[in-house]
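**Q** Using only what follows, build the 3D model:
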Amino acid sequence: MSLPVIKNCPGTLAESFTTYSPLCLRTVFNGRKVSPILPYELPQKSEIVAELFMENRKRISISGVQEKESLVLEKNSLRLTHPGEQGTYILKPIPRDIKKVDQVPANEHLTMQIARQVFGINTAANALIFFQDGSPAYLTKRFDVKPDGTKWGVEDFAALSGRTHHNAGPNFKYTYSYEEIGLLIRKYVPAWRVEIERYFALVVFNFLFSNGDAHLKNFSLMESANGDYLLSPAYDLLNTRLHVDDTDFALDKGLFADGYQSDVFKRTNHPGVADFTTFGQRIGIPDKRIEKLLAPFRERQAKVDVLINHSFLDEANKRGYQLGYNTKRNQLNQ
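**A** Alright, predicted model coming up:
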């Protein structure tokens, strides 16, 4: 693989940039002029780099299946953290053991950008970045690290629900419903009426963009400057349908704790607007607000098409991503 031909910003996907745009530099890199090329060879191609990455991986505290590295920004360059050093960025190289692995970084980056730019979802700051041979990696700025290096309190919903491998089995982060997560938000968040709407929009987004891995550990509450807890920025948003043949929802129970399904769901085996309306009602959102929150997801958003076309997916997967969006939007409108 050779160095990538960059025609659009690898951060915002803005057109006609051969490097990170000024907006991306401000959002992701504190205004510093960072190169989209990492100062590292791909670990698979260098024993020295592979050892550095393996050692770094032992120090990162973020859980999950995919391999992750901890980075810091030093002057205008990203580097792996040293022992005892608090990382401020997470690097996710191409993973293993799924179809189209080389498309995963571009997929996650595109999905996160659509969430923020089109639907106004608060997301972790992110960008694509490339190894010396041109291999892509997904880069995200940690939202739980304060400027002084200390950390905000963060609790994911596996912890908040009290579910662990020990008490709920190996699939503990999947054996739940989105309704039950909503009820936990009402329990633990004083300003829940605002946060429950943000949560509702994120659940609808995950359906619309085929994120079949939105499990308990991919939703979190984060400490605010006022000392209370709010929904954290969204993270790990990925169109999993490009890589695995999964279901509409990651959680085994789906939207509802009691397994409720609308007539449309029973007929088509997919949820429609009635299911999401009932879901909103059950987690405490007024009917008029539900209708307003659903509207942007039900309408065709031209900017989704633009961002897909500007993304770093290959042409075949751009078409697959577009087809998936069109299909899910049709289902949502049933």
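**Q** Run through who's touching the worst-scoring helix or strand of the chain on mean pLDDT.
**A** Across the helices and strands of the chain, mean pLDDT, DSSP states H and E gives its lowest value to helix 47-57, namely a mean of 72. Helix 47-57 has contacts (CB atoms under 8 Å, 6 or more residues apart in numbering) with 40-44, 67-70, 80-81. (Each C-beta comes from the backbone N, C-alpha and C, glycine too.)
**Q** gap between it and the chain center?
**A** 26 Å (CA atoms, centre = their mean, to the nearest Å).
**Q** Looking at the contacts of helix 47-57, which two lie furthest apart in space?
**A** 44 and 81 (20.9 Å; CB to CB).
**Q** unless I'm mixing things up, residue 173 is touching residue 219, no?
**A** No. Using CB atoms under 8 Å, residue 173 is not in contact with residue 219, being 10.2 Å away.
**Q** after the least confident helix or strand of the chain comes which helix or strand?
**A** Scanning forward in sequence from helix 47-57 by DSSP states H and E, the next helix or strand is strand 69-74.
**Q** now that following strand against helix 47-57, angle please.
**A** 100 degrees (axes from the mean of the first three to the mean of the last three CA atoms, to 10 degrees).
**Q** what's strand 69-74 packed up against?
**A** Under the contact criterion of 3 or more CB pairs under 8 Å, 6 or more residues apart in numbering; DSSP states H and E, strand 69-74 touches helix 47-57, strand 77-80, strand 89-93.
**Q** Looking at neighbours, which among the contacts of helix 47-57 is most surrounded?
**A** Taking other CB atoms under 10 Å as the neighbour criterion, residue 69 ranks highest of these with 25 neighbours.
**Q** Show me the beta-bridge partners of that one.
**A** residue 91 (DSSP bridges).
**Q** Distance check, it against residue 305.
**A** Residue 69 sits 33 Å away from residue 305, going by CB to CB, to the nearest Å.
**Q** Now the helix or strand residue 319 falls within: buried residues?
**A** In this structure, residue 319 is located in helix 315-332 according to DSSP H and E. Neighbour-count burial for helix 315-332, counted by 16 or more other CB atoms under 10 Å, picks out 317-318, 320-321, 324-325, 328-329, 331-332.
**Q** C-alpha coordinates for that helix, PDB please?
**A** Provided in PDB are the C-alpha atoms of helix 315-332 (Å, rounded to 0.1, in the frame of the first residue of the first chain):
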ATOM      1  CA  GLU A 315     -16.500   2.800  -4.300                       C
ATOM      2  CA  ALA A 316     -18.200  -0.500  -3.700                       C
ATOM      3  CA  ASN A 317     -18.600   0.200   0.000                       C
ATOM      4  CA  LYS A 318     -19.800   3.700  -0.600                       C
ATOM      5  CA  ARG A 319     -22.600   2.100  -2.600                       C
ATOM      6  CA  GLY A 320     -23.300  -0.400   0.100                       C
ATOM      7  CA  TYR A 321     -23.400   2.300   2.800                       C
ATOM      8  CA  GLN A 322     -25.800   4.400   0.700                       C
ATOM      9  CA  LEU A 323     -28.100   1.400   0.000                       C
ATOM     10  CA  GLY A 324     -28.200   0.500   3.700                       C
ATOM     11  CA  TYR A 325     -29.200   4.100   4.600                       C
ATOM     12  CA  ASN A 326     -32.000   4.200   2.000                       C
ATOM     13  CA  THR A 327     -33.300   0.800   3.100                       C
ATOM     14  CA  LYS A 328     -33.400   1.700   6.800                       C
ATOM     15  CA  ARG A 329     -35.000   5.000   6.100                       C
ATOM     16  CA  ASN A 330     -37.800   3.300   4.200                       C
ATOM     17  CA  GLN A 331     -38.200   0.900   7.100                       C
ATOM     18  CA  LEU A 332     -38.400   3.700   9.600                       C
END
